[in-house]
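Undergrad: got a structure for you, letters missing:
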């Protein structure tokens, strides 16, 4: 009985490297991405089938497939040639990677503080449109990412929370004239 227990423990422990590889592969390929559609030359929002990739990578024959595309269902029968872009650099296609690089070393447009490390699960930074309206990333379609990064400004989480409260409840906000002057100095 003791030997059976030892073999069972050894078997379970032998699965850890496989589980680690599968999890690493899943994390590498999960999330929204932006690719250039070979058919139209336009940006498209895609989501890779990360579960399939992790599963097939464990068998030694990785299969990269799309789970969704912003051109579907109309063009769902496409050959998925856009996946060649992912194969060469999987992380670079992900929206979160592109946004993390965009915020890296930057300062908030409103308060002037450095934005610092990004925590995508909570305290996500935001952006400000050219007409000085703050937006959250959920308001931006991934296929519009390149245009947005070129025209919008970076805003820290604290300022986004303050500005969204100010927008939703203007009757509850009283601006301190001294604070407003300091804020403008930090911006320009």
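TA: Perfect, I can see it now. Everything numeric here is computed off the predicted structure, so don't read it as measured data.
Undergrad: only C-alpha atoms for contact and neighbour calcs from this point on.
TA: OK.
Undergrad: can you tell me, leaving aside adjacent residues, what's nearest to residue 141?
TA: residue 45 (7.8 Å; CA to CA, 6 or more residues apart in numbering).
Undergrad: what sits against the one you found?
TA: Taking CA atoms under 8 Å, 6 or more residues apart in numbering, we find residue 45 in contact with 32-35, 69-70, 141-143.
Undergrad: so which of those are in strands?
TA: Counted as lying in strands by DSSP state E, out of the contacts of residue 45, are 32-35, 69.
Undergrad: elements contacting the helix or strand where residue 16 lies?
TA: Assessed by DSSP states H and E, residue 16 sits inside helix 2-29. With contacts taken as 3 or more CA pairs under 8 Å, 6 or more residues apart in numbering; DSSP states H and E, helix 2-29 sits against helix 50-58, helix 90-93.
Undergrad: in the first one, what's buried?
TA: Spelled out, that is helix 50-58. 50-57 (16 or more other CA atoms under 10 Å).
Undergrad: now tell me what touches it from outside.
TA: 18, 21-30, 62-65.
Undergrad: residue 166: what's its closest spatial neighbour, skipping adjacent residues?
TA: residue 173 (6.3 Å).
Undergrad: counting by contacts, list what the strand or helix carrying residue 96 packs against.
TA: Secondary structure assignment for residue 96, by DSSP H and E: helix 95-103. Judged by 3+ CA pairs under 8 Å, 6+ apart, helix 95-103 is in contact with strand 32-36.
Undergrad: what strands line up against the very next helix or strand once past the strand it packs on, and which way round?
TA: Once the chain leaves strand 32-36, the next helix or strand it forms, by DSSP H and E, is strand 43-48. Strands adjacent to strand 43-48 in the sheet, as given by DSSP bridges, are strand 32-36 (antiparallel), strand 66-69 (antiparallel).
Undergrad: in the protein, where is pLDDT below threshold?
TA: 15, 18, 177-188 (pLDDT under 70).
Undergrad: middle-most residue in it, spatially?
TA: residue 96 (2.3 Å; CA atoms, centre = their mean).
Undergrad: separation between that residue and residue 113?
TA: In this view, residue 96 and residue 113 are 21 Å apart by CA to CA, to the nearest Å.
Undergrad: return the closest of the contacts of helix 50-58 with respect to residue 3.
TA: residue 18 (23.7 Å; CA to CA).
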